[in-house]
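K.L.:
I'll drop the sequence and a predicted model, then ask my questions.
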Amino acid sequence: MKRVIFIFTGVIILCVFFYYAFGIFSSFVGWYGYQKWKYRIGTDLIRESKQRKVFVKDLNYKIVDSANLKGFYFKPYIEKVFRYGYHSMEDTRIDTYTKYPYNLSYERNKKDSVVLNIFPEDKEKLDSSDAVWGYLKQPYLKDTIRIEIEGAAKQKGIIKVW
């Protein structure tokens, strides 16, 4: 009887050990493995931007030369650059050690299969950019930025943002 209790207790202790070891291993490989706190982050929603206290201001925009944009939603805004906290994606660390402390961001309907690209000649109006995102030294646009709309269902158009 004592042997059965000893084996049962050993199995329980071993299960608890593996449970905690798996949690530590998962954190090391997942969160700490990807090191998400090192990278510049932008939000996709104005609501989230305001919750993180990085929202700066809404921008004006107008959609021109459009076709087949039924249900298309777009709202541009400027926000401060931030990074995730060291131990959680819920924490927000404002990035003050960057040449471009502001993001040109936009909220849009993700359910449609529409791609938004900043025109190549308009990327030069931004302080820095990549294919989709614009980065700014100051919390305003110097000039009107044009964004091309391309969709799988023959959606097309141009968005002017100022």
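P.N.:
Alright, I've got the coordinates.
K.L.:
list the buried residues of the worst-scoring helix or strand of the chain on mean pLDDT.
P.N.:
The helix or strand of the chain with the poorest confidence is helix 31-34; it has a mean of 74 (mean pLDDT, DSSP states H and E). For helix 31-34, a neighbour-count test (16 or more other CB atoms under 10 Å) marks Trp31 as buried. Using the backbone N, CA and C atoms, a C-beta is placed for each residue, glycine as well.
K.L.:
output the next helix or strand after that helix as PDB, nothing but the C-alphas.
P.N.:
Downstream of helix 31-34, the next assigned helix or strand under DSSP states H and E is helix 46-51. The C-alpha coordinates for helix 46-51 follow below in PDB (Å, rounded to 0.1, in the frame of the first residue of the first chain):
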ATOM      1  CA  ILE A  46      -8.300  54.500 -33.100                       C
ATOM      2  CA  ARG A  47      -9.900  53.100 -30.000                       C
ATOM      3  CA  GLU A  48      -6.800  51.000 -29.200                       C
ATOM      4  CA  SER A  49      -4.500  54.000 -29.900                       C
ATOM      5  CA  LYS A  50      -6.500  56.100 -27.400                       C
ATOM      6  CA  GLN A  51      -6.500  53.300 -24.800                       C
END
